[in-house]
Each structure stands twice: as structure tokens, then as C-alpha cells.
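**Student:** kindly return the folded structure for what I paste below:
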Amino acid sequence: LMIAHAVKEHFPEGTRVSLPKGGPLLWIQLPGQINSMALYKTAGEKNISIIPGEVCSSSGRFKNYIRLGCGSLFNSEMEQGIKLLGQSMR
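**Tutor:** This next block holds a predicted model:
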């Protein structure tokens, strides 16, 4: 997936991407010091939509994970959004 390649290129070292098995969402593990709720707020200010991993758990786990939609055709606007997210984590 092109979006997974863009994540690997623009996100910080140590980021891990799990490809979906039937669903249009990437499951992304960010380096441990990155809080997905803080990133969610930053992303929202830049009109970038992500799902913080913590809301995917009833016990509040996955604080350094995000879900990222990959159901649309990859385009330059999506790549720019991924690049901006990556920059905001540095």
C-alpha cells in the first residue's frame, strides 16, 4: 500500500505499520514516547483525521498507537498529511 510506504518514509524511526486484514485502516505503533491523544489534537488542528489507539481499547491501552484510514486512493494530499503528521512527532 502506498500509504504504508509514506508512513514509513515520513514517520519517526521505530514506527511499525500493520497492514489491514479486511478493513480499510492501518494500525500504526508509534515510538513509545509519542502520545496518540496529543497527536490526535495536533492532527485535528491541521485538518488531518486519525483515530488514537487508546479509544480502541476499553482499558485505555495503546496510548502510542493510531489508526489511519487507507480505503481511498492514495494521492498527494494524503501524502502531505502524512508528512505533516510525521513532522509534528519530531
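
**Student:** quick one: contacts for residue 55?
**Tutor:** Residue 55 makes no contacts at all, as judged by Cβ atoms under 8 Å, 6 or more residues apart in numbering. (Glycine included, C-beta is placed from N, CA and C.)

**Student:** distance of it from residue 75?
**Tutor:** As judged by Cβ to Cβ, to the nearest Å, residue 55 and residue 75 stand 27 Å apart.

**Student:** against which helices or strands is the helix or strand that residue 81 is a member of packed?
**Tutor:** Secondary structure assignment for residue 81, by DSSP states H and E: helix 76-88. Contacts defined by 3 or more Cβ pairs under 8 Å, 6 or more residues apart in numbering; DSSP states H and E place helix 76-88 against helix 2-10, helix 36-45.

**Student:** can you name the next helix or strand after the first one?
**Tutor:** What that stands for is helix 2-10. strand 16-18.

**Student:** for the chain, which spans come out with low pLDDT?
**Tutor:** Of all residues in the chain, none has pLDDT under 70.

**Student:** let's go with 90 and repeat that
**Tutor:** 1, 19-23, 32, 57-60, 70-72, 90 (pLDDT under 90).

**Student:** tell me if residue 68 really is in a strand.
**Tutor:** Yes - according to DSSP: H, G, I helix; E, B strand; the rest coil, the state of residue 68 is that of a strand.
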